[in-house]
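S.K.: Quick one, what's the 3D model for this:
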Amino acid sequence: MFEITRSQCRYGAMHYNGDDSTIGASLTRYGEWAEHEIEFLSRFVKTGATVLDVGANIGCHSVAFSRMVGDSGKVFSFEPFSDNHLMLRLNTRDRPNVTAVQALVGASQAVIAMDLKTLTAPGANYGAISYKRVPSISGSEINDADLAVSAQLTLDMFASLPVDLVKIDVEGMEFDVLVGARSLIAQRRPIVYFEQNGPAMYAPTASLLAEFGYKLFWHVCYPFNRNNYRGDTTNIFGDATELNVLAVPLARFDEDPTLFERIRYDVHEAQPHQFERPEGIGAATGREVADWAKSWIP
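M.R.: Purely as a prediction, here's the structure:
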């Protein structure tokens, strides 16, 4: 068991694993994590909105979403890993508009038994734990397992809610999540944002959204933000970037004629059937949110 670290960060006090090599390190040094991503998503989240944070980890996005949606909005945060979920609960316990759910989100509803010995954090990066590589077990295998039992939910359970944004960061299970969200997507047409750093499962994932009339864009994110909360100018992430997909229902552009103008400087059009990483991606010095936002702030 690790020791929980607590410090004041951009969106309030955060509890986290101080030994974590990525999110924990960023919160310790910069007082924030994924601020470029959070700022970008803030363009789509209004007061009163409903947001689904799938793969919430310790809640860095969730606490920011909580501020964005206000008292009249709602954030549902899903995190299956027990240690991360504990910190998610701590970080959102004073935020009544956030509901923290300890569960996997997938293609079907189920109860899954897993062997925790196969669940590892690559390079002590607890945000990179993938349940896709952890098969469920049964029968005699259970005798020798470090057993964990988890509920698996589908997003279609939330189709009755007016969902505005679905953020997905589930380390390779994006397609599974969206298969279990077909009714939600068909009825609510939320904006969808998910990580896609490589070609694996890109075509079926993107094609599913295209079938529902979504236009897809690449969005490149930079872990280091020069304008970070603590004003630390040292970039511990080097040239690292994350590649995400923004999926917007075509009808949304008709409803909001200013939408494309607010995003066009920061996205690249993506094709639904072929993974083509945008060229010229580099983050040696990071980007500054204050400058980055000049193209869309009224």
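S.K.: Could you list every helix and strand that the host helix or strand of Ala186 packs against?
M.R.: Using DSSP states H and E, Ala186 falls within helix 182-188. Counting contacts by 3 or more Cβ pairs under 8 Å, 6 or more residues apart in numbering; DSSP states H and E, helix 182-188 is packed against strand 163-168. Just so you know, the C-beta spots here come from the backbone N, C-alpha and C atoms, and that holds for glycine as well.
S.K.: Render the CA-only coordinates of the strand it packs on in PDB, please.
M.R.: C-alpha atoms of strand 163-168 as PDB (Å, rounded to 0.1, in the frame of the first residue of the first chain):
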ATOM      1  CA  VAL A 163     -25.500  13.500 -21.500                       C
ATOM      2  CA  ASP A 164     -23.500  16.300 -23.100                       C
ATOM      3  CA  LEU A 165     -19.900  14.900 -23.000                       C
ATOM      4  CA  VAL A 166     -18.300  11.500 -22.700                       C
ATOM      5  CA  LYS A 167     -14.600  11.500 -22.000                       C
ATOM      6  CA  ILE A 168     -13.000   8.100 -22.300                       C
END
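S.K.: Please state the offset of the helix or strand following it from the chain centre?
M.R.: Downstream of strand 163-168, the next assigned helix or strand under DSSP H and E is helix 174-179. Its chain's C-alpha centre and that of helix 174-179 lie 13 Å apart, by Cα atoms, centre = their mean, to the nearest Å.
S.K.: Quickly find the element holding Ser108.
M.R.: Using DSSP H and E, Ser108 maps to neither a helix nor a strand.
S.K.: quick one on the thing from earlier: pLDDT on the helix holding Ala186, on average?
M.R.: Mean pLDDT, helix 182-188: 98.
S.K.: now stretch 22-40
M.R.: Stretch 22-40 shows a mean pLDDT of 95.
S.K.: Identify all contacting residues around it.
M.R.: The set of residues external to stretch 22-40 that reach it, using Cβ atoms under 8 Å, 6 or more residues apart in numbering, is 5, 7-11, 14, 16-18, 57-58, 60-61, 64, 125-128, 219, 221-225, 228-230, 232, 234, 236-237, 242, 244, 263, 266, 287, 289, 292-293.
S.K.: returning to that earlier point: would you mind extracting the C-alpha trace of the helix holding Ala186 into CSV?
M.R.: What follows is helix 182-188 as a C-alpha-only set of coordinates in CSV (Å, rounded to 0.1, in the frame of the first residue of the first chain):
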residue,chain,number,x,y,z
ARG,A,182,-24.9,2.7,-28.8
SER,A,183,-28.3,3.6,-27.4
LEU,A,184,-26.9,6.6,-25.4
ILE,A,185,-25.1,7.8,-28.6
ALA,A,186,-28.2,7.4,-30.7
GLN,A,187,-30.5,9.2,-28.3
ARG,A,188,-28.3,11.9,-26.8
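S.K.: Can you give me the buried ones in the helix or strand just after it?
M.R.: Downstream of helix 182-188, the next assigned helix or strand under DSSP H and E is strand 191-195. Neighbour-count burial for strand 191-195 flags Ile191, Val192, Tyr193, Phe194, Glu195 (criterion: 16 or more other Cβ atoms under 10 Å).
S.K.: Can you add distance to Met87 and pLDDT and give those residues back as a markdown table?
M.R.: Formatted as a markdown table, the buried residues of strand 191-195 follow (distance: Cβ to Cβ, whole Å; pLDDT from 0 to 100):
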| residue | distance to Met87 | pLDDT |
| --- | --- | --- |
| Ile191 | 27 | 98 |
| Val192 | 26 | 98 |
| Tyr193 | 22 | 98 |
| Phe194 | 22 | 97 |
| Glu195 | 20 | 93 |
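S.K.: Closest one to Gly106 out of these, please.
M.R.: Ranked by distance to Gly106 (Cβ to Cβ), the buried residues of strand 191-195 are led by Phe194 at 14.0 Å.
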